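Colleague: Sequence plus predicted model, see below.
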Amino acid sequence: MKYSTPRGTRDILPDESHALRWIQSKIAELLTLNNYQEIQTPIFESADLFQRAVGETTDIVEKEMYIFQDKGDRTMALRPEGTASVVRAFLQHNAIFQKRKVTKLFYQGPMFRYERPQTGRYRQFHQMGVEAIGSVSPYLDVETMMMGVDIFQKLGLQDVSLAVNSVGCEVCRPVIRERLKQFVESILSQLCEDCQSRFDRNPLRILDCKNPTCQTYFTGLPDIQSALCHDCSDHFLSVMTLLDEHHVPHTIDAHLVRGLDYYTKTVFEIRSNVLGAQNAICGGGRYDNLIAEMGGRKTPAFGYAIGMDRLYMVLKEIQAYLPTQPVSRFVLIGMGSKAKEKAFQTTLLLRQKGIQAEFMFKEGSVNDGLKEALAQGATFAVILGEQELEQDFYTVKHLKEKRQFTVKTVEELLVL
RNA sequence: GUGGAUGUAGCUCAGUUGGUUAGAGCUCCGGUUUGUGGUACCGGAGGUCGGGGGUUCGAAUCCCCUCGUCCACCCCA
C-alpha cells in the first residue's frame, strides 16, 4: 500500500463513526441537564498559550507538542488539550461570560500529542471535556465528578472506579515538594533513572513510581495529605464527605499526581480495567490559579476530559449497547431502461417521504439486484420489469421472510 | 525517548536444513442461471513476501539498516 494513515492516527470507519456520534449526543444530553453549553475553539493556537497554561516542564510541552511556523512566522501548535483554549476564550469573551457566577462550558474534538502509540493512545485522539469556571465550592468538585461517573453509567459502563487526590495549592505544594526532596535526596542514588530525573523536574511524581526497588526505599515517605495547608485540607475533607454523603464510591489515591501544572487541590481519574495500561478514560481536577496566571482576575475552576477513543474501545469490549447504522428499507431494482427510470423515480419519492431507499445502479438481472439488496441489509426489494410496467404495479419481496407480493401504488409501499 | 514481540493476497494464516513458476481457507469477480437471493458446482482476479542494502550460484527463509503495527515503560484521555 502506497499511502496509509500517519503513525498514531487512524481512520474512524462508518460503524465506529456512527457509534461515536451517538455516544457524543448521549453525553451532550447529560451535560445539558447540568447546564453546560458547547464551545468550539480552534484546533491550533499560539504555541505559548499551551506552554504557559500546561507548564514549561511538563512532558506535553517539552516533547509532545506539534509545533509549526505559519507563513506569517508565528509559532503555532496543534492543541494538546482543551482547557487552555477554553480559558483563553473565557478571558477573550469576558463581556459575555462575566454575567454569570459560574460558567459551564463543554467541548469536543481532536487533540494532538506526539507520543509513542499504544492501545488507547494515539497522536490524534478525540476528547470531550467540561470546564466549570467561577466557584471554589467543594460542591462544584463533587457535582462535576458525579456527572462524570453518571455519564459512564448511562452508557452502560458500570465497572469504573473513581480515584481522587489533592495536590495542594501555591501555598502548600512548595512545602510538600521540599519535604519530599529532603527525604529523597539521601536515597536518590538508589532510585531508578526515572525517579532521578523526576527529582528536579516534578518531585511529586516520585510518589507514583511503580518500580518495586524504589518502593522499598519509600517507607516513611511524606505523603501529600499530611502536608496540605488548612484551606486545601478542609477542601479535600469536604469533597470526601460530600462524596460519601451522596454515596459515590471512590478511593483516595495518594499517588495520583497529574502531569499538567495547572491543577490545584482536587485531582481525579475515572478508570476502567478493560484497556490494560491505558486505564484512565476520564481525568481532571481543580485549577484555581490558571485564569489569574493567564491574565484574568483570580477565578477558580474545575474541569476534566473524557478520552472518546478509549471510551469507545471499552464500550465495545464490554459489549455495551451501541447503535448500528441505519439500512435501506427498500432497494429498487429496474430491468430495462424504462423500468429503471420508474425505479429511480420511486426511489426519489420514497426518500422525499423520509424513507431510506437505494436505487440499483447496475444493469443486471433480478439476481444481481437481490444480492445487492441483501448486501445492503434492506428489508424489501422492489422489482420493476416489463410486466410491472405494462400492468402498472410493483413486485415487492420481503427479503428475510422470503415473502413476495404486489402493490399498486407508492403509497402502499409507504405503509409497509 | 527506552525495552520486547511482530510484518507473506482485501481478511485469517501455511511455507521444510536457503533450491525452480510463493500456497490454502474466507472474501471478491465471472459462469451454470439478462425474472428471483445467502447453498452447490466450475472458472478467474488479486502478492515489488513492509522497504532498502548485504551474504550466496540461488533469499519469504541468514545478517544489517529502516518503516509500520502490537505490548510494556514514560506520560496521559
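Modeller: That came in fine, so what should we check first?
Colleague: Near RNA strand B, which residues of the stretch 201-350 of chain A? Just list them.
Modeller: A:202, A:205, A:208-211, A:257-260, A:269, A:276-284, A:305-307, A:309-310, A:335 (CB under 7 Å from any atom of the strand). C-beta: built from backbone N, CA, C; applies to glycine.
Colleague: Tell me which residues touch the closest residue to RNA strand B within the stretch 51-200 of chain A, please.
Modeller: Going by CB to the nearest atom of the strand, RNA strand B is nearest to A:Thr119 of the stretch 51-200 of chain A, at 2.7 Å. Going by CB atoms under 8 Å, 6 or more residues apart in numbering, A:Thr119 touches A:Leu275, A:Gly276, A:Ala277, A:Gln278, A:Met313.
Colleague: For the closest residue to A:Arg271 other than its chain neighbours, give its distance to A:Ile252.
Modeller: Nearest non-adjacent residue to A:Arg271, counting by CB to CB, 6 or more residues apart in numbering: A:Asn279, 4.3 Å away. Using CB to CB, to the nearest Å, A:Asn279 is found at 17 Å from A:Ile252.
Colleague: again with A:Gly55
Modeller: Distance of A:Gly55 to A:Ile252, given as CB to CB: 24 Å.
Colleague: between those two, who's got more neighbours?
Modeller: A:Gly55 (18 against 13; other CB atoms under 10 Å).
Colleague: Got a quick PyMOL command for the buried subset of the residues of the stretch 201-350 of chain A next to RNA strand B?
Modeller: Burial among these is assessed by 16 or more other CB atoms under 10 Å; the matching PyMOL selection reads:
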select buried, chain A and resi 202+205+208+209+257+258+260+269+278+279+280+281+282+283+284+305+306+307+309+310+335
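Colleague: From the residues of the stretch 201-350 of chain A next to RNA strand B, which land in strands?
Modeller: Among these, the residues falling in strands (DSSP state E) are A:Glu269, A:Ala280, A:Ile281, A:Cys282, A:Gly283, A:Gly284, A:Ala305, A:Ile306, A:Gly307.
Colleague: Identify, from the residues you listed, the entry nearest to A:Phe380.
Modeller: Distance to A:Phe380, by CB to CB, is smallest for A:Ile306 among those, at 40.2 Å.
Colleague: Can you name the residues bridging to that closest one?
Modeller: Counting by DSSP bridges, A:Ile306 forms beta bridges with A:Met128, A:Cys282.
Colleague: give the contact list for it.
Modeller: A:Ile27, A:Gln127, A:Met128, A:Gly129, A:Gly148, A:Ile151, A:Ile281, A:Cys282.
Colleague: Looking at those, state which has the most neighbours.
Modeller: The most crowded member of the contacts of A:Ile306, judged by other CB under 10 Å, is A:Ile281 (28 neighbours).
Colleague: surely that one meets A:Met313?
Modeller: No - in this structure A:Ile281 lies outside contact range of A:Met313 using CB atoms under 8 Å: 9.0 Å.
Colleague: joint contacts of these two?
Modeller: In contact with both A:Ile281 and A:Met313: A:Leu275, using CB under 8 Å, 6+ apart.
Colleague: any idea which of the contacts of A:Thr119 is least confident?
Modeller: The member of the contacts of A:Thr119 with the lowest pLDDT is A:Gly276, at 78.
Colleague: ok, that one to A:Cys209 distance?
Modeller: 19 Å.
Colleague: Same question for A:Ser365.
Modeller: Taking CB to CB, one finds A:Ser365 at 69 Å from A:Cys209.
Colleague: One more: A:Ala77?
Modeller: Distance from A:Ala77 to A:Cys209, by CB to CB: 30 Å.
Colleague: before we move on, what about A:Pro203?
Modeller: Look at A:Pro203 and A:Cys209: by CB to CB, they are 11 Å apart.
Colleague: Those residues of the stretch 51-200 of chain A touching RNA strand B, which are they?
Modeller: A:58-60, A:81, A:113, A:115-122, A:125, A:127, A:194, A:198.
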